[in-house]
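Novice: Next one to model:
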Amino acid sequence: MVRPSLRVAKTRMKRTPSETKLTRIEKRTKKPHCSKCGAILHGVAFGRQNRVRKMSRSERLPSRVHAGYLCTRCLKGAIKAEVRS
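Specialist: Numbers count the residues shown, from 1 in each chain. Below is the predicted model:
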């Protein structure tokens, strides 16, 4: 059985200029989830951090309130509660 720390890792062989092979371990990231109900957030970029950081802000997140934190159902309830209070 593989060690638990390596179960989500992806290994690749990388050739260096001195013709030696190195093993690189790249961690996979999970899809972003809603902080209230745990549903997967749509329209939010995910992947390795260096790829996501290079994207523009409009590519990473939708342009609405609580984007990247709440799903549409939870956001609808939060807006209703905010207006009613």
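
Novice: Low-confidence ranges, the chain, go.
Specialist: Applying pLDDT under 70 to the chain picks out residues 5-12, 21-28.

Novice: What residues sit buried inside the longest helix along it?
Specialist: Longest helix in the chain, counting residues (DSSP state H): helix 72-84. Neighbour counts over helix 72-84 (16 or more other CB atoms under 10 Å) mark Cys74, Leu75 as buried. The way it works is simple: take the backbone N, C-alpha and C, and place the C-beta from them, glycine included.

Novice: could I get stretch 40-56 in PDB with only the CA atoms?
Specialist: The C-alpha trace of stretch 40-56 is given here as PDB (Å, rounded to 0.1, in the frame of the first residue of the first chain):
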ATOM      1  CA  ILE A  40     -18.800  22.000  -5.600                       C
ATOM      2  CA  LEU A  41     -18.400  25.600  -6.800                       C
ATOM      3  CA  HIS A  42     -18.900  26.100 -10.500                       C
ATOM      4  CA  GLY A  43     -17.000  28.800 -12.400                       C
ATOM      5  CA  VAL A  44     -14.100  28.800 -10.000                       C
ATOM      6  CA  ALA A  45     -10.700  27.800 -11.400                       C
ATOM      7  CA  PHE A  46      -8.800  25.000  -9.800                       C
ATOM      8  CA  GLY A  47      -5.600  23.200 -10.400                       C
ATOM      9  CA  ARG A  48      -2.000  23.700  -9.300                       C
ATOM     10  CA  GLN A  49      -1.400  26.900  -7.500                       C
ATOM     11  CA  ASN A  50       1.200  28.200 -10.000                       C
ATOM     12  CA  ARG A  51      -1.300  27.800 -12.900                       C
ATOM     13  CA  VAL A  52      -4.200  29.500 -11.000                       C
ATOM     14  CA  ARG A  53      -2.000  32.400  -9.800                       C
ATOM     15  CA  LYS A  54      -1.100  33.200 -13.400                       C
ATOM     16  CA  MET A  55      -4.700  33.600 -14.400                       C
ATOM     17  CA  SER A  56      -6.400  37.000 -14.300                       C
END
